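Novice: sequence plus the predicted model coming up.
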Amino acid sequence: MAGALVSGPELPPVEIVEVAPRDGLQNQDTLVPTATKIELIRRAVAAGARRIEATSFVHPERVPQMADADAVMASVPRVDGVRYLGLVLNRRGAERAVTAGVDEINAVVVASDTFGKRNQGVGSAESIEAWHDIAAVAHCANIPASITVAVAFGCPFEGEVPAARVAEIIRRAADAGPAEIALADTIGVGVPTQVAELARAAATTAPDIPLRFHFHNTRNTGYANAVAAVQAGVTTLDASIGGIGGCPFAPTATGNIATEDLVYTLDRMRVHTGIDLSAVTSAGTWIAERLGIDPSALLDRVGPFPLRRPPASGGEHVTAEAVSPPQAPIGQLVRRGLRCCSSYGTAVPVGKSPCSR
Ligand code: MG
């Protein structure tokens, strides 16, 4: 936990569920090769991720990027302690996921009818019915099954989603015994007070079921929301390497919160995640290069803090280069609107460098 600085009440460890291979990639315009997905998963595992949403078992015509779900699951690195989640929307998807060898199933129920019909072709009530079918499949296969409540913080079509509606969805879904309940700010409209309100609602409605949150940073509230969740006692958060992601059925939704930026924040709050910041930042830079996009993860652009520069003379030291993410070629930095600050070995926005004068 290098760089931990902030003192305060001891907070419990936080488990980060890495969602880049599924949620991060599903919205990419061009099809990502299966081998690239596997390498992303391998890098996530190497960085310390132990729960990874590897793929989704949905109709390939709806989400072509996930058409290789079975091939992905056939090639994921099997490492002790690493569990792979498969996202499903119905019984058929759950059966495919079980056959493909997922360790956990994550089902999506929706908090608004309009979003549900666009996202998965059913309204809120039908999505809960589908969850009961999914839970039955998982139970027979002896696989844990969780739910994610989509658009729990607000719907791009219907607007505000009252906490009471989310609580009612949790109550009805809890009948089928989810191993975990995730509340998703699918379009990134939530704020920290809303996180606290929904955490209270979930704890009141289903006090024995662990809670997880899923945030997007569409309006720059994603990390504040993550901190609010941790301070509310939540110990599991979703995040995506590089901050990649979006939702094909939610216009204007941008990336998930970035794993590296979340790890940086939690590291310095003295909250253990088990994720190596340098390794996950490298993974973010790598996948952004493969996708030809600018990573929304700011750690990928500016590197960690504190930077450790060589001492004036003598003694052992760690150079800035040793703790910074791998550098992209200068031409790629310029293309991204970044320049290299040679004193620190990090990429910074053009015109914003402390040494640009
Ligand atoms: Mg997402």
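Specialist: Cool, the structure landed.

Novice: pLDDT score for Gly3?
Specialist: What the model reports as pLDDT for Gly3 is 45.

Novice: for stretch 32-45, the distance to its chain's centre please.
Specialist: Centroid separation for stretch 32-45 versus its chain: 15 Å, with CA atoms, centre = their mean, to the nearest Å.

Novice: what residues does it touch?
Specialist: Stretch 32-45 is contacted from outside by 18, 20-21, 25, 52, 54-55, 65, 68, 71-72, 75-77, 79, 82, 241, 279-280, 282-283, 286-287, 290-291, using CB atoms under 8 Å, 6 or more residues apart in numbering. C-beta here means a position set from N, CA and C on the backbone, and glycine is covered the same way.

Novice: which ones among those residues map onto helices?
Specialist: Ala71, Val72, Ser75, Ala279, Val280, Ser282, Ala283, Trp286, Ile287, Arg290, Leu291 (DSSP state H).

Novice: what sits closest to the third one if chain neighbours are left out?
Specialist: In this case it means Ser75. Leaving aside its sequence neighbours, Ser75 sits nearest to Ile38 (CB to CB, 6 or more residues apart in numbering; 4.9 Å).

Novice: one step back: which among the contacts of stretch 32-45 end up buried?
Specialist: By neighbour count, with 16 or more other CB atoms under 10 Å, these hold 18, 20-21, 25, 52, 54-55, 65, 68, 72, 75-76, 82, 241, 279-280, 282-283, 286-287, 291 as buried.

Novice: in this structure, where's the longest helix?
Specialist: helix 124-141.

Novice: same for it, what does it pack against?
Specialist: Here helix 124-141 touches helix 91-100, strand 104-110, helix 113-120, strand 145-150, helix 163-174, going by 3 or more CB pairs under 8 Å, 6 or more residues apart in numbering; DSSP states H and E.

Novice: the ion: which of those is closest?
Specialist: strand 145-150 (8.9 Å; CB to the ion).

Novice: what sits up against that closest one?
Specialist: Here strand 145-150 makes contact (CB under 8 Å, 6+ apart) with 85, 87, 94, 104-111, 115-116, 119, 131, 134-135, 138-139, 166, 169-170, 173, 178-184, 186, 212, 214.

Novice: buried subset of these as a ChimeraX selection?
Specialist: This is the ChimeraX syntax for the buried subset of those, where burial follows 16+ other CB under 10 Å:
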select :85,87,94,104,105,106,107,108,109,110,111,115,116,119,131,134,135,138,166,169,170,173,178,179,180,181,182,183,184,186,212,214
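
Novice: next one: the closest residue to the ion within the stretch 201-350 of the chain from Gly242, what distance?
Specialist: The stretch 201-350 of the chain approaches the ion most closely through Asn256 (4.5 Å), counting by CB to the ion. According to CB to CB, to the nearest Å, Asn256 stands 9 Å off from Gly242.

Novice: one step back: can I get the helices and strands packed on helix 124-141 in CSV including mean pLDDT and distance to the ion?
Specialist: Below are those laid out as CSV (pLDDT from 0 to 100; distance: least, CB to the ion, whole Å):
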stretch, mean pLDDT, distance to the ion
helix 91-100, 98, 18
strand 104-110, 97, 11
helix 113-120, 89, 12
strand 145-150, 98, 9
helix 163-174, 97, 17
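
Novice: can you add distance to Pro12 and give the ones you listed back as CSV?
Specialist: Below are those laid out as CSV (distance: least, CB to CB, whole Å):
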stretch, distance to Pro12
helix 91-100, 30
strand 104-110, 21
helix 113-120, 33
strand 145-150, 20
helix 163-174, 22
